[in-house]
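Student: here's my sequence, what's the structure:
(5 chains)
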Amino acid sequence: MMYLIPLFPLIGFLLNGLFRKSLSKSLIGIIGSGTILASFIVSCILFFNVKSGGALPVQPLFQFINISSFKIDFAFQVDQLSSLFLLIITGIGFLIHVYSTSYMHDEKEEHFARYFAYLNLFVFSMLLLVLGANYVIMFIGWEGVGLCSYLLIGFWFKNDSYNYAAKKAFIMNRIGDLGFLLGIFWLLSKLGTANYNDVFANVHQLSSTDITGITVLLFIGAMGKSAQIPLYTWLPDAMAGPTPVSALIHAATMVTAGIYMVARSNALYSLSAVAENLIAIIGIATALFAATIAIKQNDIKKVLAYSTVSQLGYMFLGLGVGAYTGSVFHVMTHAFFKALLFLGAGSVIHAIHNQQDMRYMGGLKKYMPVTHITFLIGCLAISGIPPFSGFFSKDEILAAAYSVNPVYWVLGVIGAGMTAFYMFRLYATTFLGEFRGTEEQKHHLHESPLAITIPLFILAILAVIGGFVNVPEAFGGNASLHKFLSPVLKTENVQGLTSSKDYMLMGVSGGVALLGIIIALAKYIKKPELNEATGLGKVVANKWYVDEIYDAIIVNPLTYLGVFFKNVIEKSGIDGFVNGVGTFIQYSSRRLRLVQNGRVGTYILMMVFSLVVLFVIFWNQTIIINFFQKIF
Amino acid sequence: MNAIIFSAGFGVIMMFCSFLISNKSSYRHIAVVGLLLLLVVNVMETNGFDIFHINSYGMLSYTRFGLFFNTIAIGSTLIYVLLTGKDIERLGNYVAEYFTLIFFVLCGVCILSSYNNLLMLFLGIEILSIPLYILTGSDKRNLKSNEASLKYFLMGAFSTGLMLMGIALMYGGTGTFSLDVVRSQTGLYKGVSFLEIIGLLFLMVSMAFKVSAAPFHFWTPDVYDGAPGVFTSFMATVAKVAAFVAFLKLCYVRMTATSTAIDWQLLFAIIIITTLLFGNITAVFQQSVKRMLAYSSIAQAGFMLFALFSLNDFGSKGLLMYSAAYCLATIGLFAVLVKMKDVTFEGYNGLAKTQPVLAATNAIFLLSLAGIPLTAGFLAKYYMLASVIATGSYTWLVVIAVLFAAVSVYYYFRVVQAMYFKTGDPQTEPITGSFKIGLIALAAIIIIIGVLPQTLFNWLYF
Amino acid sequence: MPIQNYIILAAALFCIGVSGVLIRRNAIIVFMCIELMLNSVNLMLVAFSKMHYALSNAQGKGISESIGSDAQLFVFFIMVVAAAEVSVGLAIIVMMYRNVHSTDINFLNRLKN
Amino acid sequence: MTATEILFWFLSALALFSALMVVISKNPVHSVLWLIVVFFSISGHYILLNAQFIAIVNLIVYAGAIMVLFLFVIMLMNLNANTEPQRNSLVRLAGVVAGGLLLTVMISALRSANEITNSKATMSEGDIGLIQNLGKILFTQYVVPFELSSVLFLSAMVGAVVIGKKE
Amino acid sequence: MIALLLILIPVIGGLIALFIKNENTVKGFSLFISLITLVIALFGVYSNQTSELHYNVSWMPDLGSRFTLGLDGLSKILSLLTAISLPVIIIATYKNTYANTGKFFGLMFLCQAGMLGVFLSMDALLFYFFWELALIPAYFLCSIWGGERRIQVTFKFFIYTFVGSLLMLVSILFIYFKTADHSFAMQSFYHANLTASQSQWMFWLFFIALAIKMPIFPFHTWQPDTYEQAPTAVTMLLSGVMVKMGVFAVIRWLLPIFPNASQSNSSIIITLSVIGMLYASLIAIRQDDIKRLIAYSSIAHIGLMCAALFSNQQVGMQGVLIQMFNHGINIIGLWIVADAIQKQLGTKKFSELGGLAQKAPTLAILFVVMCLANVALPLTNAFVGEFLMFNGLFRYNPIMAGIAGISIILAAVYTLNMIQKIFYGNTVALTEKAYDSSFNINVALIILVIVVIVFGVYPQPMLNLTQSGVNTLITKIP
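Tutor: Got it, this is the predicted structure:
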């Protein structure tokens, strides 16, 4: 049954891809969404199976690579962790598909079908990633989502800057993938297997260097995929794609892959303090860094994008401090509210005809009530306001961080405040105040159709209630997610906090978030930030010039190196040498033939001299041969 | 003995033909018949039928090797006459005399392949050379031909002087001209004779001159270039390989056992390298195909010298192989060359379009000379390289040789390029169908030898 | 007479001949110098023939007819060949003289490089 | 010093001197004449070595026939000292140096040939050089080369005709 | 018998084709012959009977050489590649016209026969013969039907490879004299009796020939020029199959004959290969010419194969074996598109192209799939090979593998650059009137895409095919 889950999207991909010219739009939409729905249903069944009976046995499909030194099956595995992810992926994915049928309706049929084919492929890859029973299958999905993101970001391929963004995404991902790949090689060379079960059962065979090496390399993969410092820059640029795609990338698929992988490998990570610290530091650094950038962005999607980066930083912080469940929990809640936010943003963008700059929005509250409400819920959820879902998941991470190192917690709380601030800056600029767009846009402003609003509704509900699945026991909940995941996330860092301390921490973070909201609302309802930022603000608005720095220290040197190789080394050096041999022979031919000067006297003279020389050589040949033997 | 007497006799017959028969082309036919007869009697002798039973008192000795070489030489001459006979007729009024001289050269060739006495070596070389001096100068009005003939003659006579000095010194050391007389025979001449070694050095130089090994090769390009193309073809092939065979015998008998302390290989290595260097490098820049072929013949000589260097079974077999491959290919190339009105590389431009058969066969000849597999030339080179490697030392020499072989590809393929890849309007003499058939047959022989060398060697060792 | 005297004499004559070939430009003189070389070889051969004759005598093996005389016959053949060569050589020189009215070996210099 | 020795040294000196004169003489006719002197002195050596047949043949063939032919050709072409082209001095020097080097090398190599250090060429004894003895060997053992040299002459004859005849 | 037929049919077909004048007849005939060859190759792949797969007759007893052909796992996969590639090439270039079509296809077949011979021969001298034999038709093909600078460029290619193969000949000869039974047979060669220093020297002589053919970093300069100038059908054959000859020869001959020398020199060679990978990738990034870009990308890929071979790991070898096949398929696909573009629009410069995806969507999609295979994306065939090869390299030296891995990233850079500049963006003047690829090109590409996907998803058959070969090889190597 497991194989059905990825099979449906694959069928959808093939149908939509192969018959893209002959299918009607509605049929395309039905195929696209229906296959995901089918997957979702199967996922639900499996989820309940798992919930009731524990992890399902590994189901091998066929031998993928079977050679004498190792054996890799194309095998699927559904356990607590993956079944949860399956639900998120297929569930949210389905909503996004439905949403897309309306959002992308303006496209030509051919492109419409192509879009859905890509989306299905995306989901398929992500499902492979999650379902795989070993790291290689995970890697296949891993690269697959990279590819799909490339295809979808560059969906409007006429626009070259979109293409650049797509390329950037793919390449950045590839950098991480290299690390991932090397990690797999390390595993394979030490253990001879990449199956999760075998690997986790045999961790004790690995030396600590091995574990550190493997985990760090795998984490590099996660950095790329989940957009952590220093490989995060592709994610904001990925906004070039259609908005539902952004939602898909940011919420359900792709970026959560890194979290999934680390959580999946918790048995390894928990054995390496180095790796854990690295993850925590990178995570919190990313969370803060991205948050600062988000504050000064004017593009609605960019703000959301940086918020994703920031949230992902939180998740990694959680992983780094051993709160695996917390991170997975945050993945889930984040999937709800980030999908909601993106789809909401998409609704807005859709309404004002592809205008993404929020300086030209404002006052949309009255034109788009549903969007407004759901968006607000999303903002509250992400800001960590109780009792919205974000609050519980974020606090679980922060609590764990506190127990490991209070500095993490302090930084995390600051980040939470900033999150609240920029989200409400966004909210205020977009929905409150007066509309600042053109008259024509204003004329066309309207609430989006049902295919858009229904998913928003569903997601809003989820964003509100999603947090309750794992209410900590301190709050009287039963931490059911914890219990559910405990067979998989065995090595979790058990919190040693008293409940009173827990309350205190929650209170502080909630308070800080609230503070951020208030400041933002106070600042931006009346006079939204319309001018270009200056000073430090400009630096932040330009993303700390990180892209420029990358260009300067990595991209440009490499390009120049390429030019240098191409024009200097290749032409004058290697080819020059090869041709030089030819030229030299030609030259020596021109010179040597002058010896043949046509005079008998010279010829005979040379003969006589050579005769004499041969005589001399002949009598002294022992000396000559010895001489040469000494040289060589 | 059959071949020597028949070739001399046919020379005389051709001489008489010159004033008994006035039809020019009948000379050619008589010559062909003569050569066929010569071939037959030689093969008969190879099989043990000696018609004359002349006691040569040890002056000549018949070995399978020598007789087989005779077959190659006579066969090559036959092919040569068949392909280029018509062009000889174009040359002047002395057609019968030219054939006479060619037969006399063959007589010299047969002597050289079976000599067993230094006197016969000397006579053989002279019988070989003197007709060639004349053939070189046969285009009397042409100053190039005059010049070539004078140069060839003067230098040839000079080298004869050197050779005689060598023979005299060898005689001084051993007291005999016979190659076979064992050194320890008289008791007095045990071990190495210094005089003989010096004599051998002189002899080596003069033989190196005859086979155009550097640095005694200087006559070759000028003479081959200046001589009428039809005769260049003959002297660059049959005459030259005959000198090689003679040289090989000399080395085998006299240079193998001169001393343990004295090693001829170093000298040969030096000569080989200089020969390859001069031949290949100088050929690169030539503008005339004819002159390029002259230099290439020097380069090929460099490879043939390997047989003399290594003096083993591979070497002697290889020399036969090489003679066959080299003669056939060069004769074919010259047969086409003398049909060309312009013998520079430009003159060959676009030949593949106007004369596809000529171009294709020419390409095969060139491939063979360059030593590309599945042609006779590859096996020839193969044997030569193998002979050196089999000696176990001087492997570096082989490496140098193959690098030069790659250079040789450069100038051989310039002709291919001109014929196939460039456009032009090549002017040729009228080409007959039989000429084309002859060329195709020649190319086929080269390929058959290359693919199934066993045909050649089964013949040799049946 | 010690054989060395003859060897040195012959070698000296030979080398004078070689020098002459190198020094002179007149084809006929060059050719004459070559004849000089051949003659020095003849002298050497005759001297060697007498030397070997004496040596085999001294060994007391009885006088074989051919010991020594083969060298003298060789000299005879050298003369024969030289005569033939002279006829051809002079014919070539005359032919060239007819064409260019010179016997300078450097006069014709079209074939080079 | 016996008469033979005196004769030997005299003839050697004469031969060397006239050989040098052949090379040095400006006038080709003088060269020819000096060459004849060389041949005569060499013939003298032959007589000293009791090789009468060779001595006579040398006089008849070389001094008599060949040199006359040379003289004839030179006369025919009307060559004299003035028409003799001169090489430049560098080439001459090179020629002399080459000849000298060759001589040095040869002699130094031959001097070390110990197998002949005590050998002598007998001057008057032994009759191997008589026509009778040589003839016997020539027509028995050397009959094959003798016959084959006819081919040489034939080709020389044909050659002379081909080249010399005016068309 | 199958082995003999595999060579014989292209030879005979080629000789016949040489003399057919009518263009359409030639094309049909060629397609027919190439398909027959393919069928025979498939038979060979699925057959297990030694008597069918081997062919052994006396050839040059005097030289110690026999005409020995054999199909084992190693040669099966490569003869399959050779047999597949020709029909695909013929289909893809079916509409191209050549002067003297008959000669063109005849030479193509002779070239194919030569390559098949290289893969099948189990006798060193025979191997050398075929090695050269494959070169000569290629030389003529490139020089007669190539681009503007064809004569010089092809000549350089020819001489360059010829030098290498002559050095190899010296090495082969030397080993021949060191074999116990003075024979050129493969098994005798494997047990040749060489001293350490001898095998060191002979190893390098042998290796240089293969390095030029593959080509490995400093010996590669013939390649981009030749690929650029050769007619595309020939380029496909050259890059798809002929460069595999070098890799193949390393596996078949070099490693088993010189196990110790190859191990002691592996660090040098691997370093060179890795340098070459990065070097070629960086140059590829800066190319403005489709053909040159593909050429440099090929250098990078071959460099990886060479590095994996010398890492002496079973995994790596296995990877190389299947990657030889896969790389052949992929690069032929890329050339087909490059050719289609050049034929249609008359340029191969990126700077003059753009937005072609709007005009030629089918071509774009197929090309993108081929490109993805080129960057070794999972579930394309190249992934499995590269995965195994990098794995082998990693076992040899993790740091080297890491450095070499950078080329994966660079490969993505230049490949995506290429896609973007050709197909994406807005149309330019040149591409305004472009139209989609013709039927035959689509057919050829779809065949390749199917192979790419099938072997990408289910590579196990290929692994099974080659496993035995690798196992026997591994036992040879200490």
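Student: for chain A, what are the nearby residues on chain D?
Tutor: D:87, D:91, D:94-95, D:98-99, D:101-102, D:105, D:109 (C-beta under 8 Å from any C-beta of the partner chain). In this view, the C-beta of every residue, glycine as well, is placed from N, C-alpha and C.
Student: distance to E:Leu31, pLDDT and secondary structure for the residues you listed - can I get that in a markdown table?
Tutor: Below are these laid out as a markdown table (distance: C-beta to C-beta, whole Å; pLDDT from 0 to 100; DSSP: H, G, I helix; E, B strand; the rest coil):
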| residue | distance to E:Leu31 | pLDDT | secondary structure |
| --- | --- | --- | --- |
| D:Arg87 | 74 | 64 | coil |
| D:Val91 | 72 | 84 | helix |
| D:Ala94 | 71 | 90 | helix |
| D:Gly95 | 74 | 89 | helix |
| D:Ala98 | 71 | 91 | helix |
| D:Gly99 | 76 | 91 | helix |
| D:Leu101 | 73 | 92 | helix |
| D:Leu102 | 73 | 91 | helix |
| D:Val105 | 73 | 88 | helix |
| D:Ala109 | 75 | 80 | helix |
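Student: among those residues, which ones are buried?
Tutor: Listed as buried from the residues of chain D next to chain A are D:87, D:91, D:94-95, D:98-99, D:101-102, D:105, D:109; burial here means 16 or more other C-beta atoms under 10 Å in any protein chain shown.
Student: convert the one helix or strand A:His443 maps to to CSV, retaining C-alpha atoms only.
Tutor: Take DSSP states H and E as the rule and A:His443 turns out to sit in helix A:439-444. Output in CSV follows, covering the C-alpha atoms of helix A:439-444 (Å, rounded to 0.1, in the frame of the first residue of the first chain):
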residue,chain,number,x,y,z
GLU,A,439,-7.0,53.3,-9.4
GLU,A,440,-7.4,50.6,-11.8
GLN,A,441,-6.2,48.0,-9.4
LYS,A,442,-8.5,49.4,-6.8
HIS,A,443,-11.3,49.0,-9.2
HIS,A,444,-10.6,45.4,-9.6
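Student: next structured bit after that helix?
Tutor: Downstream of helix A:439-444, the next assigned helix or strand under DSSP H and E is helix A:450-465.
Student: coming back round to it: from the residues of chain D next to chain A, which are also near chain C?
Tutor: D:87, D:91, D:94-95, D:98-99, D:102.
Student: got the buried residues for stretch C:25-45?
Tutor: C:25-45.
Student: need the residues of chain E near chain B, please.
Tutor: Counting by C-beta under 8 Å from any C-beta, chain E comes close to chain B at E:59-63, E:128-129, E:132-133, E:136, E:140, E:143-144, E:150-151, E:155, E:158-159, E:162-163, E:166-167, E:169-170, E:173-174, E:176-177, E:201, E:205.
Student: would you list the buried entries among those?
Tutor: The neighbour-count test (16+ other C-beta under 10 Å) marks E:59-60, E:63, E:128-129, E:132-133, E:136, E:140, E:143-144, E:150-151, E:155, E:158-159, E:162-163, E:166-167, E:169-170, E:173-174, E:176-177, E:201, E:205 as buried among the residues of chain E next to chain B.
Student: filter those down to the ones in helices?
Tutor: Residues from those lying in helices, with DSSP state H as the criterion: E:128-129, E:132-133, E:136, E:140, E:143-144, E:150-151, E:155, E:158-159, E:162-163, E:166-167, E:169-170, E:173-174, E:176-177, E:201, E:205.
Student: name the helix or strand for C:Phe48, please.
Tutor: Element membership for C:Phe48 (DSSP H and E) is helix C:27-58.
Student: my error: substitute A:Tyr402 in the last question.
Tutor: Counting by DSSP H and E, the element that carries A:Tyr402 is helix A:389-404.
Student: the residue nearest to the spatial centre of chain C: what's it in contact with?
Tutor: The centroid of chain C falls nearest to C:Leu38 when counting by C-alpha atoms, centre = their mean (0.3 Å). C:Leu38 is in contact with B:160-161, B:164, C:78, C:82, counting by C-beta atoms under 8 Å, 6 or more residues apart in numbering or on different chains.
Student: just want the most central residue of chain D.
Tutor: Mean-position check on chain D, C-alpha atoms, centre = their mean. Result D:Phe39 at 5.8 Å.
Student: need the residues of chain C near chain A, please.
Tutor: Counting by C-beta under 8 Å from any C-beta, the positions of chain C adjacent to chain A are C:18, C:21-22, C:25, C:30, C:105-106, C:109-113.
Student: poorly predicted segments of chain B, please.
Tutor: Applying pLDDT under 70 to chain B flags the ranges B:181-192, B:256-262, B:456-462.
Student: rewinding a little: could you dump the buried ones among the residues of chain D next to chain A to a markdown table with distance to B:Leu366?
Tutor: What follows is these, written out as a markdown table (distance: C-beta to C-beta, whole Å):
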| residue | distance to B:Leu366 |
| --- | --- |
| D:Arg87 | 42 |
| D:Val91 | 40 |
| D:Ala94 | 40 |
| D:Gly95 | 41 |
| D:Ala98 | 39 |
| D:Gly99 | 43 |
| D:Leu101 | 42 |
| D:Leu102 | 41 |
| D:Val105 | 42 |
| D:Ala109 | 45 |
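Student: so what are the sheet partners of the lengthiest strand in chain A and their directions?
Tutor: Ranked by number of residues, the top strand in chain A under DSSP state E is strand A:59-67. Sheet partners assigned to strand A:59-67 using DSSP bridges are listed as strand A:70-76 (antiparallel).
Student: related to what we said a few turns ago, the contacts of C:Leu38 also near chain D: which ones?
Tutor: Among the contacts of C:Leu38, the ones lying near chain D by C-beta under 8 Å from any C-beta are C:Ala82.
Student: hmm, A:Val309 and A:Thr236 touching each other?
Tutor: One thing to correct before we go on: residue A:236 is Pro, not Thr. Yes - between A:Pro236 and A:Val309 there is a contact at 7.2 Å, judged by C-beta atoms under 8 Å.
Student: neighbours around residue 132, how many?
Tutor: By default, I'm working from chain A. 26 (other C-beta atoms under 10 Å in any protein chain shown).
Student: please refer instead to chain B.
Tutor: Residues within reach of B:Leu132, counting by other C-beta under 10 Å, total 26.
Student: OK, contacts around it?
Tutor: Counting by C-beta under 8 Å, 6+ apart, B:Leu132 has contacts B:105, B:152, B:231, B:235, B:239.
Student: closest one of the ones next to chain C among the residues of chain D next to chain A to chain A?
Tutor: D:Ala98 (4.4 Å; C-beta to the nearest C-beta).
Student: for the closest one, which non-adjacent residue is closest in space?
Tutor: Excluding the flanking residues, the one nearest D:Ala98 by C-beta to C-beta, 6 or more residues apart in numbering or on different chains is A:Val608, at 4.4 Å.
Student: my read: E:Arg286 touches A:Tyr560, true?
Tutor: No - using C-beta under 8 Å, E:Arg286 is not in contact with A:Tyr560; the gap is 9.3 Å.
Student: neighbour count winner among those two?
Tutor: Comparing E:Arg286 with A:Tyr560 by other C-beta under 10 Å, the one with more neighbours is E:Arg286, at 21 against 12.
Student: can you pick the most crowded of the contacts of C:Leu38?
Tutor: Among the contacts of C:Leu38, the one with the most neighbours (other C-beta under 10 Å) is B:Leu164, at 28 neighbours.
Student: which is the next helix or strand following whichever helix or strand it is part of?
Tutor: Under the criterion of DSSP H and E, B:Leu164 resides in helix B:143-174. Counting by DSSP H and E, the next helix or strand C-terminal to helix B:143-174 is helix B:194-210.
Student: what's that following helix packed up against?
Tutor: Applying 3 or more C-beta pairs under 8 Å, 6 or more residues apart in numbering or on different chains; DSSP states H and E, one finds that helix B:194-210 makes contact with helix A:600-619, helix B:143-174, helix B:240-250, helix D:89-111.
Student: fine, thanks again, bye for now.
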